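Novice: next comes the sequence, and after it the predicted model I'd like to discuss.
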Number of protein chains: 2
Amino acid sequence: MAPKAGLSRERVLDAALDYVDAHGLPALSMRKLGAHLGVEAMSLYRHVPNKDALLDGLVDRVMEHAFAELSADLSGPWVPWMRSFAHSLRAALLAHPGVLPLAATRPVNSPDALRMSEQWLAAMRAAGLPLGRALDIINVIATFTIGHTLAEAGRTPGHEDSDPDLDQHADALDPAEFPNLLEVITTRAGLDFDHRFTEAVDILLAGYST
Amino acid sequence: MAPKAGLSRERVLDAALDYVDAHGLPALSMRKLGAHLGVEAMSLYRHVPNKDALLDGLVDRVMEHAFAELSADLSGPWVPWMRSFAHSLRAALLAHPGVLPLAATRPVNSPDALRMSEQWLAAMRAAGLPLGRALDIINVIATFTIGHTLAEAGRTPGHEDSDPDLDQHADALDPAEFPNLLEVITTRAGLDFDHRFTEAVDILLAGYST
DNA sequence: GTAGTCTTGCTTACGATGTAAGCATCGTCA
DNA sequence: TGACGATGCTTACATCGTAAGCAAGACTAC
């Protein structure tokens, strides 16, 4: 099932991410993860204190991906790099929808994340923003991105199969009572997540930069 | 432990909401919920098909609370009632932080929610908005509110104890490397969730109404 | 009233989960 | 060589969701 050859926190986390991507978060158990690595469940505990810590590790992992592609150059106007943060975060979360509920739920206190926040705050203050406002902007962008992406990734934790939830109810909706919802389904108006996200982020950034 | 006297889906759901509020979502098990109601675990299955359905019921319950206090009068400009929806939703979610991760994760397809959406869409179109744009606004407000509230309610699913996560790391932060984060902690600048939420919602609504 | 059906809650049982405790097998270094 | 720390395995336990079937009352039809 797997390369075997020496566990490590890294390998355990990678395998867990693999497994969650493939089978969904609810399917992840220490035993199955062990099997996936060709190893017994209890062996994992040599490299991870418990399952919760493992899940935290997954979130940190995904966040690293989000930060990885970010430009380190924070000079110049803050709006462009804040926007690119939003889009990178969304991309990273969508790449691993299984961890999304975790990312939404758990604090992100990885050194990377703290360092990133610190640098952003510094850069935004240098650009003339008060500290409190800078933090508000960072948090609003981050929380909106998470909220939006939760909706976008389909909600059922197992793994989403179809389009947004509405479709399932399409034929159960009484045309007389729900004309607009039905029109949404047939025309797909307002179901473009790309557009919705981009526009909302721009509105927020524009609102904060005035 | 409880009134006994005849179960029902209503009573089961109410008790579950109670239990989650009191002990946190992870502590909720069918056995413990049964005990809380003075009944055996398997008895609950007469009124709820399985645990997942019970959790869905909890989400619907909380959403009902959010809708309950909303004005039914959707005539006139849409910005005020959309804003009041945002604030009602936040209040309802904060009132039951234990269900928040569920609300963020599960589709909301209760009849109430569908009816509400339909009416909003109708009212916004009557006010001249295109259908797609109306749906975007509803979804952006809803997803931002959920994202923000997830962060606000403290993340650890068990039950948050202290202030936002940063505090725990206050003394572990090197003052030379993290001057801005430390200043946030000491001055509490940018940690006013009320203000942050209100401002962001207003920015979004203003942005969409131009 | 009596017999039959429905409803509700209980009992028992099974497989899966997270993880504590201790054992076995190493490679490394004195 | 012999001790030792690191790693993985074995066994065991409490807890979980829930399938299957039983028991006792409530209600209906005659």
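Specialist: Done, it's in. Numbers count the residues shown, from 1 in each chain, chains lettered A, B, ... in the order given.
Novice: and stretch A:123-143, what's buried?
Specialist: For stretch A:123-143, burial by neighbour count (16 or more other Cβ atoms under 10 Å in any protein chain shown) applies to A:123-125, A:129, A:131-143. Just so you know, the C-beta spots here come from the backbone N, C-alpha and C atoms, and that holds for glycine as well.
Novice: would you mind listing what in chain A touches DNA strand D?
Specialist: Within chain A, the positions adjacent to DNA strand D are A:Gly6, A:Leu7, A:Gly34, A:Val39, A:Glu40, A:Ala41, A:Met42, A:Ser43, A:Arg46, A:His47 by Cβ under 7 Å from any atom of the strand.
Novice: residues contacting the last one?
Specialist: Taking Cβ atoms under 8 Å, 6 or more residues apart in numbering or on different chains as the definition of contact, the neighbours of A:His47 are A:Leu7, A:Ser8, A:Arg9, A:Val12.
Novice: grab the nearest non-local neighbour of it.
Specialist: Distances taken as Cβ to Cβ, 6 or more residues apart in numbering or on different chains place A:Arg9 nearest to A:His47, at 4.6 Å, with adjacent residues excluded.
Novice: and that neighbour, how many neighbours?
Specialist: 14 (other Cβ atoms under 10 Å in any protein chain shown).
Novice: what about it, distance to chain B?
Specialist: Distance, A:Arg9 to chain B, using Cβ to the nearest Cβ, to the nearest Å: 20 Å.
Novice: tell me the confidence at that residue?
Specialist: A:Arg9 is assigned a pLDDT of 94 by the prediction.
Novice: kindly report the same for A:Val140.
Specialist: Looking at A:Val140, its pLDDT is 98.
Novice: right, is the host helix or strand of it up against chain B?
Specialist: A:Val140 is part of helix A:131-152, with elements assigned from DSSP states H and E. Yes - using Cβ under 8 Å from any Cβ of the partner chain, helix A:131-152 reaches chain B at A:131-136, A:139-140, A:142-148, A:150-151.
Novice: likewise for stretch A:188-196?
Specialist: Yes - legend: contact between stretch A:188-196 and chain B by Cβ under 8 Å from any Cβ is shown at A:Ala189, A:Gly190, A:Leu191, A:Asp192, A:His195, A:Arg196.
Novice: among those residues, which lie within helices?
Specialist: Taking DSSP state H, the ones among the residues of stretch A:188-196 next to chain B that sit in helices are A:His195, A:Arg196.
Novice: how many neighbours does A:Thr186 have?
Specialist: For A:Thr186, the count of nearby residues is 8 (other Cβ under 10 Å).
Novice: could you give the backbone dihedrals for it?
Specialist: Phi and psi for A:Thr186, reported as degrees, to the nearest 10, are phi -80, psi -40.
Novice: check contacts around it.
Specialist: So A:Thr186 contacts nothing (Cβ under 8 Å, 6+ apart).
Novice: show the buried residues in the residues of stretch A:188-196 next to chain B.
Specialist: The neighbour-count test (16+ other Cβ under 10 Å) marks A:Ala189, A:Gly190, A:Leu191, A:Arg196 as buried among these.
Novice: nearest residue to the first one other than its sequence neighbours?
Specialist: In space, A:Ala189 comes closest to B:Gly132 once its chain neighbours are excluded; the distance is 3.5 Å by Cβ to Cβ, 6+ apart.
Novice: confidence score at that neighbour?
Specialist: On pLDDT, B:Gly132 comes in at 97.
Novice: and the most centrally placed residue in chain A, which helix or strand is it part of?
Specialist: Chain A has A:Leu93 as the residue nearest its centroid, 2.8 Å off, counting by Cα atoms, centre = their mean. Element membership for A:Leu93 (DSSP H and E) is helix A:78-95.
Novice: so what does that helix touch, helix or strand wise?
Specialist: Judged by 3 or more Cβ pairs under 8 Å, 6 or more residues apart in numbering or on different chains; DSSP states H and E, the packing partners of helix A:78-95 are helix A:51-68, helix A:111-126, helix A:131-152, helix A:193-208.
Novice: where's the third one relative to the chain centroid, distance-wise?
Specialist: Right, the one you point to is helix A:131-152. Centroid separation for helix A:131-152 versus its chain: 12 Å, with Cα atoms, centre = their mean, to the nearest Å.
Novice: so it versus helix A:78-95, what angle?
Specialist: 30 degrees (axes from the mean of the first three to the mean of the last three Cα atoms, to 10 degrees).
Novice: and helix A:131-152, what other elements does it pack with?
Specialist: If contacts are counted by 3+ Cβ pairs under 8 Å, 6+ apart, helix A:131-152 sits against helix A:78-95, helix A:100-105, helix A:111-126, helix A:193-208, helix B:100-105, helix B:131-152, helix B:179-187, helix B:193-208.
Novice: so is the fifth one next to chain A?
Specialist: Yes - with Cβ under 8 Å from any Cβ as the threshold, helix B:100-105 lies in contact with chain A, specifically through B:Pro101, B:Ala104, B:Thr105.
Novice: let's have those residues in CSV, adding distance to A:Val184, pLDDT and neighbour count.
Specialist: CSV is the format used below for the residues of helix B:100-105 next to chain A (distance: Cβ to Cβ, whole Å; pLDDT from 0 to 100; neighbours: other Cβ atoms under 10 Å in any protein chain shown):
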residue, distance to A:Val184, pLDDT, neighbour count
B:Pro101, 27, 96, 22
B:Ala104, 22, 95, 23
B:Thr105, 22, 93, 20
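Novice: which of the residues you listed sits closest to A:Ala172?
Specialist: Nearest to A:Ala172 among the residues of helix B:100-105 next to chain A: B:Thr105, at 22.5 Å, using Cβ to Cβ.
Novice: hmm, the closest one is touching A:Pro101, no?
Specialist: Yes - assessed by Cβ atoms under 8 Å, B:Thr105 is found in contact with A:Pro101 at 5.1 Å.
Novice: so stretch A:30-48, near DNA strand C or not?
Specialist: Yes - Stretch A:30-48 reaches DNA strand C (Cβ under 7 Å from any atom of the strand) through A:Met30, A:Arg31, A:Lys32, A:Ala41, A:Met42, A:Tyr45.
Novice: can you check stretch A:11-29 too?
Specialist: Yes - with Cβ under 7 Å from any atom of the strand as the criterion, DNA strand C is reached by stretch A:11-29 at A:Leu28, A:Ser29.
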